[in-house]
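1. model this:
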Amino acid sequence: MSNELAPGGAFPPPGAAAYCGAVSITVGLPRTALVLGGVAWFLGLLGLVLHLASGAGIADANVLFLLVDVTVAIVYGTVGAVVLARRRHAVGFLVALAGLGGGLSATGGGWGAYAAAHPDLPALDGVAELYGWAWMPGTVALFTVVPWLVRDHPLPTAARVGVLLGAGTAVWLPAAGLLAPASRADAPLVAVVAVGLVSAAATAYRWRRGPVAERRGLGLLTAGAGVLALSFVPLLLVESTPDLVLAVPISHLATQALYPAAILVCVLRNRLWGIDLVVSRATLAGLTTLGMAAVYAALAAAATLLVGGGLVPQLVAAVGMALALGPTRAHLEGRVRTLVYGEAADPGRAALRVGRELAGAGSADDLLAGLARSVGESLRLESVVLRTAPPLAVDASWGLATAAAETLPVLHAGRRVGELTWTARPGERLDARSRQALDHLLPVLAAGIALAHAAHEQRRAHDAATLARLAERRLIRREIHDGLGPWLSGLRLGLQGALNLWSADPAAARALVAALADEAQLRVDDVRSLSRSLLPPALDELGLAAALSELVQRHATEGFTVSVEAHGCDGLVGPEAAAAYGIAAEAVLNAARHSGAAGCTLTVRRSTEGLEVVCEDAGRGVAPDAPPGVGTRTMHERAAERGGTLEITALRPGTRVRAVLPATTAVGAVA
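-> A predicted model of the protein is given here:
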């Protein structure tokens with residue numbers, strides 16, 4: 001089997017070819033894997049059927065040893081087949097060898113029991129003798145050789161020596177029994193235990209000090225190898241302590257339920273040798289259930305032997321052991337569901353984990369990235385992309401997709417706010433349990449996206465409000481610097497001239513002062529007009545309708561007629577009223593300055609969409625290629641601050657400005 005290793009003893013890196021001599025190998029052996037797994041299952045079940053057909057009872061050690069062999073055949077036959085189907089490698093062959101050895105041993109034990117119950121059948125001693133040694137090479141190699149090979153880089157010298165020692169003990173133990181069946185094989189057993197413990201210690205060292213990428217799963221592999229090695233200790237003590245005979249199959253059954261899980265978890269988590277998924281979720285759950293069933297049967301049979309004498313004590317003992325194991329089984333099932341399905345095993349727990357991202361994110365981008373990551377980790381997916389709808393339009397991704405993706409819309413309050421795209425891990429698909437968990441997660445994702453949208457809108461509104469304040473400050477600065485400042489300078493010069501004329505020509509001086517007073521009155525009116533354009537007093541004191549009436553009167557004095565219709569605006573004050581008034585005032589001012597029309601119509605009313613502001617004129621209209629001016633940008637910003645919309649359309653003739661502020665904000669502002 002050494003020729004299955006890549007050059008230098010290394011496993012081929014993920015995605016690369018393995019080499020066997022000079023032949024490049026890029027795929028596994030699916031047919032060989034199917035045959036090996038099928039043969040192991042057939043031999044194991046055949047041995048069990050033969051034993052049951054023999055009429056032998058369950059209250060003896062032989063049935064427990066047979067149960068060990070059947071478990072080894074089924075479990076390791078499946079694991080080896082799955083590994084070999086993806087990549088031909090020594091580990092796959094060794095695991096499959098253990099499964100075949102267990103199947104042959106089970107068949108030999110079953111045939112021995114059946115032949116003893118039917119003396120007329122041929123003895124077939126060679127078949128029956130398989131029960132004593134066929135399981136040894138593969139089982140011993142599992143914990144003396146395999147741990148050295150579970151890595152994704154070239155084997156160092158120490159690992160090569162460990163592989164040779166492990167292979168030697170795996171051959172020595174059955175050879176000693178076959179060559180000298182009448183003598184005890186204490187030396188090979190001691191060697192098996194010692195080499196197995198060395199293998200476990202080396203694996204523990206790699207778990208603590210090895211490459212970080214390989215550490216996950218090595219702790220369980222260490223425990224499995226160590227316990228499996230120690231399970232051979234009772235074989236050394238059976239002759240001196242016959243009562244330990246039951247400890248041998250029971251300890252073997254317990255370790256056979258642990259060690260396959262160690263191999264699977266290690267390979268599943270590290271994805272070695274390019275195997276993205278070495279076993280399907282259904283297979284892992286089935287193997288674990290089978291292991292627990294074997295432990296149940298072993299302990300029930302042991303209790304029957306210990307109680308002894310009569311049917312009732314045996315039943316009581318078996319039921320008592322089953323009841324004692326019930327809570328343990330429930331706990332193990334929960335752990336297995338979490339290992340297999342992730343947090344999808346408990347949809348509420350998965351939703352809670354995703355929901356924690358809502359409280360821990362520092363920004364909208366962090367929130368969306370955290371949601372994508374928590375969904376992928378909770379459901380054990382390969383990749384996740386959480387895409388939000390405009391205006392946010394952010395793609396938060398986790399993982400890297402290597403297969404066709406699936407997409408689901410994310411809805412909030414009946415509105416599509418984004419979509420979730422994901423890919424399952426290679427070789428997997430989302431089962432009913434995971435899809436149910438995903439359905440529980442979608443509302444949490446919708447709330448998170450809505451929160452991100454709200455944060456984005458709040459930030460945008462804050463920026464727009466800041467820009468609006470800056471624009472108003474620039475307007476005030478311009479009026480003061482370009483208007484009021486020069487006028488005050490002229491007023492000072494005029495007053496100085498009046499003083500100079502006062503003694504020589506009092507009448508001319510008085511006329512100059514009177515002219516300056518008239519000019520001062522005009523400037524006072526300009527300041528009042530500027531104040532009203534920013535926020536008319538009537539808006540705060542009397543509401544939107546009164547402020548619009550004042551706007552009409554002010555433009556009427558300048559010869560521009562405004563026809564206003566206001567419905568449901570009496571008493572409307574606050575930020576919503578200020579936004580509506582600012583849009584109306586700017587639209588009317590643009591019409592007065594640029595339309596060339598004699599007037600315009602202004603309508604402010606409540607509609608099903610919210611508070612609606614419409615200004616129409618019959619003037620020359622807006623040129624299609626005309627860039628938006630400061631006034632147009634200001635109107636858009638005021639609408640966006642309140643979460644509303646504004647559109648400017650051309651009429652024939654004229655222009656139409658329409659703004660809509662959401663009804664929730666508009667209604668909430670009514671005094």
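
2. drop to CA atoms for contacts and neighbour counts, all remaining ones
-> Will do.

3. tell me which element Asp526 is part of?
-> helix 506-534 (DSSP states H and E).

4. Show me what that helix is packed against.
-> Applying 3 or more CA pairs under 8 Å, 6 or more residues apart in numbering; DSSP states H and E, we find helix 506-534 packed against helix 485-502, helix 575-590.

5. least reliable of these going by mean pLDDT?
-> Note on the helices and strands packed on helix 506-534: helix 485-502 shows the lowest mean pLDDT, a mean of 83.

6. what's the angle from that helix to helix 506-534?
-> Note on geometry: by axes from the mean of the first three to the mean of the last three CA atoms, to 10 degrees, helix 485-502 and helix 506-534 are set 160 degrees apart in direction.

7. quick one: helix 485-502 to chain centroid distance?
-> 76 Å (CA atoms, centre = their mean, to the nearest Å).

8. where does Arg656 fall, phi/psi-wise?
-> Arg656 adopts backbone torsions of phi -130, psi 130, taken as degrees, to the nearest 10.

9. Ignore what I typed, I meant Val562.
-> According to degrees, to the nearest 10, Val562 has phi -120, psi 120.

10. so what's Val410 up against?
-> The neighbourhood of Val410, defined by CA atoms under 8 Å, 6 or more residues apart in numbering, consists of 416-420, 442-443, 445-446.

11. can you do 6 Å?
-> 416-419, 446 (CA atoms under 6 Å, 6 or more residues apart in numbering).

12. Buried among those residues? Need that as a selection in ChimeraX.
-> Selecting only the buried entries of those in ChimeraX, with 16 or more other CA atoms under 10 Å as the criterion:
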select :417,418,419,446
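
13. Next, format the contacts of Val410 as CSV and append distance to Pro234.
-> Putting these into CSV (distance: CA to CA, whole Å) gives the following:
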residue, distance to Pro234
Arg416, 66
Val417, 65
Gly418, 62
Glu419, 60
Ala446, 59
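
14. in the helix or strand hosting Glu612, what's buried?
-> Under the criterion of DSSP H and E, Glu612 resides in strand 610-617. Of all the residues in strand 610-617, those buried under the rule 16+ other CA under 10 Å are 610-617.

15. Could you dump these into JSON lines and include pLDDT?
-> What follows is the buried residues of strand 610-617, written out as JSON lines (pLDDT from 0 to 100):
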{"residue": "Gly610", "pLDDT": "84"}
{"residue": "Leu611", "pLDDT": "90"}
{"residue": "Glu612", "pLDDT": "93"}
{"residue": "Val613", "pLDDT": "95"}
{"residue": "Val614", "pLDDT": "95"}
{"residue": "Cys615", "pLDDT": "96"}
{"residue": "Glu616", "pLDDT": "95"}
{"residue": "Asp617", "pLDDT": "94"}
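
16. Tell me the one among the residues you listed nearest to Val604.
-> Of all these, Val613 has the smallest distance to Val604: 4.6 Å, by CA to CA.

17. The spatially closest residue to the closest one that is not a sequence neighbour and Leu548, how far apart?
-> Using CA to CA, 6 or more residues apart in numbering and skipping residues adjacent in sequence, the residue nearest Val613 is Val604, 4.6 Å away. Distance from Val604 to Leu548, counting by CA to CA, to the nearest Å: 9 Å.

18. got it, and Gly110?
-> 101 Å.

19. With neighbour numbers in mind, choose between the two.
-> Each of Gly110 and Leu548 has its neighbours counted (other CA atoms under 10 Å); Gly110 has more, 31 against 25.

20. Tell me if I'm right that the more buried one and Ala53 touch.
-> No. Using CA atoms under 6 Å, Gly110 is not in contact with Ala53, being 8.8 Å away.

21. Name the SS class of Arg658, please.
-> strand (DSSP: H, G, I helix; E, B strand; the rest coil).

22. returning to what we had before: can you tell me which of the helices and strands packed on helix 506-534 is most buried?
-> Neighbour counts (mean count of other CA atoms under 10 Å) averaged over each of the helices and strands packed on helix 506-534 peak at helix 575-590, with a mean of 21.

23. tilt between it and strand 610-617?
-> Using the same axes, to 10 degrees, helix 575-590 lies at 10 degrees relative to strand 610-617.

24. Could you identify the helix or strand that succeeds helix 575-590?
-> Next along from helix 575-590, by DSSP H and E: strand 599-607.
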